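Q: Turn this into a model:
(chains A and B)
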Amino acid sequence: DTEVTQTPKHLVMGMTNKKSLKCEQHMGHRAMYWYKQKAKKPPELMFVYSYEKLSINESVPSRFSPECPNSSLLNLHLHALQPEDSALYLCASSQESGANSPLHFGNGTRLTVT
Amino acid sequence: GESVGLHLPTLSVQEGDNSIINCAYSNSASDYFIWYKQESGKGPQFIIDIRSNMDKRQGQRVTVLLNKTVKHLSLQIAATQPGDSAVYFCAENHIGADGLTFGKGTHLIIQP
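A: As a prediction, the model looks like this:
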């Protein structure tokens, strides 16, 4: 079991749907991250939140919209996705961003866009 | 291009042997390195990390070696067990960066 919890574990959505991915951590970490991982590829950074403020947006299309309601929660809102957006979406947290401390990952949400 | 990479996509070892997984990086500003293990259907799991002011760090059955001269990182797993079967990623961070950059990954296969 991980200390970063992601829901749902699996999600199938159509290209016109709106859905949200959720992430929660209770380790007191002040940095939270979204990564995208395609099959047989390494995770790729999408967004970084530091002290609940968006600090990194790695040129991600606007159909992905992150939100950090508080220091323990991180959401990723999805709208009008494309089939190529199907992937494993990983949430992670660390004590602080930019510091040399490890990221702790959840087990991801497996997203399929039909 | 990518700032970290791995030499082999797949490594097959006999159970009980030692495994060595390699990683090369290109960014001279990289100052923190981590090895992650990812099992099927799970997220990456932290194994061991090392800062650039060190060249070796040991954990339980694992050792990470860092050679800054040639920008090379390796993970050694002693007495490999079936439970070690997974994809292993190296990742790096550098001053001014807010997130880890991952290498391509090596799939470790354990043969009985």
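
Q: just the strands in chain A please.
A: Secondary structure of chain A (DSSP state E): strands at A:4-7, A:10-13, A:18-25, A:31-37, A:44-50, A:53-57, A:64-70, A:73-79, A:87-94, A:104-105, A:109-113.

Q: give the contact list for the most centrally placed residue in chain A.
A: The residue lying closest to the centre of chain A (C-alpha atoms, centre = their mean) is A:Trp34, at 3.0 Å. Taking C-beta atoms under 8 Å, 6 or more residues apart in numbering or on different chains, we find A:Trp34 in contact with A:23, A:45-47, A:66, A:74, A:76, A:89-91. (Each C-beta comes from the backbone N, C-alpha and C, glycine too.)

Q: and of those, the nearest to B:Gly59?
A: Distance ranking of the contacts of A:Trp34 against B:Gly59, using C-beta to C-beta, places A:Leu90 first at 23.0 Å.

Q: Verify the contact between the closest one and B:Gln38 for me.
A: No - at 9.7 Å, A:Leu90 does not count as touching B:Gln38 under the criterion of C-beta atoms under 8 Å.

Q: Looking at those two, which one has more neighbours?
A: A:Leu90 (27 against 23; other C-beta atoms under 10 Å in any protein chain shown).

Q: just wondering, since we're on that one, how far is it from B:Val87?
A: Separation of A:Leu90 from B:Val87 (C-beta to C-beta, to the nearest Å): 13 Å.

Q: Quick one: low-confidence residue ranges for chain A.
A: Along chain A, the model assigns pLDDT under 70 to residues A:1-2.

Q: Wait, A:Leu76 touches A:Phe64, no?
A: Yes - with contact defined as C-beta under 8 Å, A:Leu76 reaches A:Phe64; the gap is 6.3 Å.
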